[in-house]
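[1] Need the 3D shape of this:
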Amino acid sequence: MAQNDRLLIDKVVATVGGEMILLSEVQEQIAYARQQNPKIGADYGCIVLQNLLVQKLLVHQAKIDSVLVKDEEVENQLDARIERLRSYFNQDDKAIEEYYGQTVAQIKDQMRNDMRNQMLAERMQQEITKKITITPAEVQIFFNEIPADSLPFFNAEVEIRELVYKPPVNDGEKAKARAQIEQLRQRIVEKGESFAELAKKYSDDPGSGAQGGDLGWQKRGVFVPEFEAAVYKLEPGQISPVVETEFGFHVIQLIERRGNLVHARHILIKPEITEEDLEKAAAKLDSIRNLIVSGRLTFSDAVKIYGDKNTASYNNDGRVANPRTGNTFFEVGDLDTNIFFAIDDLKVGEISKPTPFRTPDGARYYRLILLESRSKPHKANLRQDYNKIQAAALEQKKNDYIEQWMLSRLRKTHLAIDPLFQQCPNLAEILSLAHKP
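    Here you go, the predicted structure:
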């Protein structure tokens, strides 16, 4: 009976070219949205279907235009999503299985097709809109068309740049870490102990350690050069010599290789940073700050010479992006606490004293913070907020173009929508183009 009910419920509610939309897809998205906001309206399914129609049309066109997403790209995105899921459950795969009623591998398999389609749609949309630009005159028109009482109110915001300095490890601690990893390698190679179990117990890589050191399938260019050179020399099952990278000391085992793709695992032992190392780092960074303040070194050059190359801001001239918005503006309430206090008394253009902080994996670093700009709470205006308004105007122009592109394509594409959604007011123009199922 339950199976018959499922077959009845899970029917095709729309087709676009060769792509189908199932009722269950719509229902899953509604259910997810209601988890976030229980007050969403009864007509939310109409919005979901509209979004799915756009995505499926983009996927259909991507296949026609031979726009490709490589298998390893899909796997990398899936791995990242699975890692986020694991972080919510404290890296406890059993807790995930109990909550979802599926293993992590089953969840990943279930997500794979949706992920590929999502990436195909995004890539096709980028292809369609990549040549669209916006002029200052268009930005002015966009801003002028916003009713005065609808202009957004921006809270106090700051822009910051940073120079992140990684304290060098002293030779004594490096020797201790090397001795520990050599001992672990010996236990695997000579005593036959389990690589996975030793990784779970001793590895300093929080992401892979809980998974027995498993790094999943990766392509060339993902690993740092020393690690990559070592892993590609291995035969399946073989254990590497000790490998030193900027992260510490590794022992690597190749599980499987397919062309340029490798599936490997590793154990990482990081040398300890001592209080003496931290004091030396703070003193070094203070001397760099003095060079910048005295005008003998620019902040940009200091970032290039002394900054940690693995920090996202390094390749953006030290500019720090807000992970919540993607731009470089932070509302004061969004700032990390130690950044807030470091810049609280600074004037625009001034640089903080060396400030200690920890990365998500617990590593200890220092940084200098330059206050690039600071604004007071204000209503949006072109003088202070041009970049934000320009970005919003460009996004609207792209959305308008995609909408017109979609309607134009639908006139040449087989489209059918189930009567269940025939009354959706937001689909009126699309429905006029649809064939009755």
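[2] Would you map the strands across the stretch 51-200 of the chain?
    Under the criterion DSSP state E, counting those that start in this stretch, the stretch 51-200 of the chain contains strands at 153-154, 157-165.
[3] what's the closest of the ones you listed to N381?
    strand 153-154 (9.3 Å; C-beta to C-beta). For every residue, glycine as well, the C-beta is placed using N, CA and C.
[4] F357 in helix, strand or coil?
    strand (DSSP: H, G, I helix; E, B strand; the rest coil).
[5] thought V67 was touching R123?
    Yes. Using C-beta atoms under 8 Å, V67 is in contact with R123, at 5.5 Å.
[6] quick revisit: deepest-packed of the strands of the stretch 51-200 of the chain, please.
    strand 157-165 (a mean of 23; mean count of other C-beta atoms under 10 Å).
[7] Could you list every helix and strand that that strand packs against?
    Other elements packing on strand 157-165 under the criterion 3 or more C-beta pairs under 8 Å, 6 or more residues apart in numbering; DSSP states H and E are helix 275-293, helix 299-306, strand 330-331, helix 337-343, strand 364-375.
[8] which residues touch it?
    With contact meaning C-beta atoms under 8 Å, 6 or more residues apart in numbering, strand 157-165 is reached by 281, 284-285, 288, 299, 302-303, 306-308, 311, 313-314, 317-320, 328-332, 335, 339, 343, 354, 365-375.
[9] those helices in the stretch 151-300 of the chain, which residues are they?
    Secondary structure of the stretch 151-300 of the chain (DSSP state H, counting those that start in this stretch): helices at 171-189, 195-202, 206-209, 225-231, 275-293, 299-306.
[10] first vs last residue of stretch 412-430, how far apart are they?
    Stretch 412-430 has an end-to-end distance of 13 Å (criterion: C-alpha to C-alpha, to the nearest Å).
[11] Residues contacting it, please?
    Residues outside stretch 412-430 that contact it (C-beta under 8 Å, 6+ apart): 11-17, 23, 43, 45-47, 49-50, 53, 57, 60, 407, 410, 431, 433-437.
[12] Out of the contacts of strand 157-165, which end up buried?
    Buried members of these, counted by 16 or more other C-beta atoms under 10 Å: 281, 284-285, 288, 299, 302-303, 306-308, 311, 313-314, 318-320, 328-330, 335, 339, 343, 354, 365-372.
[13] before we move on, the earlier item: return the member of the helices of the stretch 151-300 of the chain having the minimum mean pLDDT.
    Out of the helices of the stretch 151-300 of the chain, helix 206-209 stands lowest, with a mean of 84 (criterion: mean pLDDT).
[14] for the helices of the stretch 151-300 of the chain, which one sits closest to R257?
    Relative to R257, the nearest member of the helices of the stretch 151-300 of the chain by C-beta to C-beta is helix 225-231, separated by 8.9 Å.
[15] Among the contacts of stretch 412-430, the buried ones, what's the ChimeraX command?
    With 16+ other C-beta under 10 Å as the criterion, this ChimeraX line picks the buried residues out of these:
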select :13,14,15,16,17,23,45,46,47,49,50,53,57,60,410,431,434
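[16] Since that was my last question, I'll sign off now.
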